[in-house]
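**Q** got a predicted structure here, sequence first:
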Amino acid sequence: MSTIENLQSQTRADVILDIMNGAIQSYGFEKFIISGLPDRGQDVRPFVLLSGWNAEWFDRYTGLGYVHLDPVARHCFSTALPFEWADAPYDAEADLPARRVMEEARDFGMHEGFCVPVHMEGGMQGVVSLVGGQPDLTEKTRLELHMLALYAHGRMRFLNTTIPEGGRRRAITAREAEILKWAAGGKTASDIADITGLTVRTINQHCENAQKRLGTSNRLHTVVEAIRHKLIRL
């Protein structure tokens, strides 16, 4: 959790860039981007929160609207789960624009990576995309990268908005906070039920209620936002 705690205290994008670069390199990745994903026809550049991409590729990708052709970006709208770039579906024979984007990306060394979709309140879509050929990721490392990406995205959203954090926060109940704290420690609903004496159904209901209050898309995202807003402490 040290990287997440370090991110929490930062207010400068360049420092966060350095922290993220160090963190992802420890997993075998080289570059990353944190961004929102625009509706079709919109320019992606105002949505980019932090980029560690090669400047030439960034200018080409954003300037030519490749975000709307990129199968990796498109796949983010259909899943909430992290995925490897190679698993983003597209027909290379029929979808020539998508193939062009992927082939040009390869020329810039951007042909392999790991992507974390971020579903936000109000239907907004975001992404944290890591670049690099990585070894087989274990379930543990995928979970660590998922949490890191969600937290970094949330921190950059906060730094790029004029809304005070207190105004964005939605209270959760003491019981919801307790359950999320156990979940953050890796406990399953069954584990938490044994610890608290509640039923698994009640545990899941508390998690769903907290998810609605925080406008998150899944349990892990709820835990990350609760940590980020200091609603729970580990």
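**A** Right, received. Where do you want to start? All figures in this text were calculated on a predicted structure; none of them were measured in a lab.

**Q** give the next helix or strand downstream of the worst-scoring helix or strand of the chain on mean pLDDT.
**A** Lowest by mean pLDDT, DSSP states H and E among the helices and strands of the chain is helix 165-168, with a mean of 44. Per DSSP states H and E, the first helix or strand lying C-terminal to helix 165-168 is helix 174-184.

**Q** now the angle from the following helix or strand past that following helix to helix 174-184?
**A** Proceeding N to C from helix 174-184, the next assigned helix or strand is helix 189-196, under DSSP H and E. If you take axes from the mean of the first three to the mean of the last three Cα atoms, to 10 degrees, helix 189-196 sits at 120 degrees to helix 174-184.

**Q** can you give the contact residues for helix 189-196?
**A** 178-179, 182-183, 187, 198-200, 202-204, 207 (Cβ atoms under 8 Å, 6 or more residues apart in numbering). Backbone N, C-alpha and C define where each C-beta goes, glycine included.

**Q** run the last query once more with 6 Å
**A** By Cβ atoms under 6 Å, 6 or more residues apart in numbering, the surrounding residues in contact with helix 189-196 are 179, 182, 199-200, 203-204.

**Q** then stretch 5-12?
**A** 16, 19, 155.

**Q** try it again with 7 Å
**A** Residues outside stretch 5-12 that contact it (Cβ atoms under 7 Å, 6 or more residues apart in numbering) are 16, 19, 151-152, 155, 159, 228.

**Q** buried ones among these?
**A** The neighbour-count criterion (16 or more other Cβ atoms under 10 Å) marks 16, 19, 151-152, 155, 228 among those as buried.

**Q** CA atoms only for stretch 227-234 - export them in CSV, please.
**A** The C-alpha coordinates for stretch 227-234 follow below in CSV (Å, rounded to 0.1, in the frame of the first residue of the first chain):
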residue,chain,number,x,y,z
ILE,A,227,-9.4,4.8,0.8
ARG,A,228,-8.9,7.8,-1.4
HIS,A,229,-11.6,9.8,0.3
LYS,A,230,-10.2,8.7,3.7
LEU,A,231,-13.5,7.0,4.6
ILE,A,232,-11.5,4.0,5.7
ARG,A,233,-7.9,3.6,6.8
LEU,A,234,-5.9,0.4,6.5
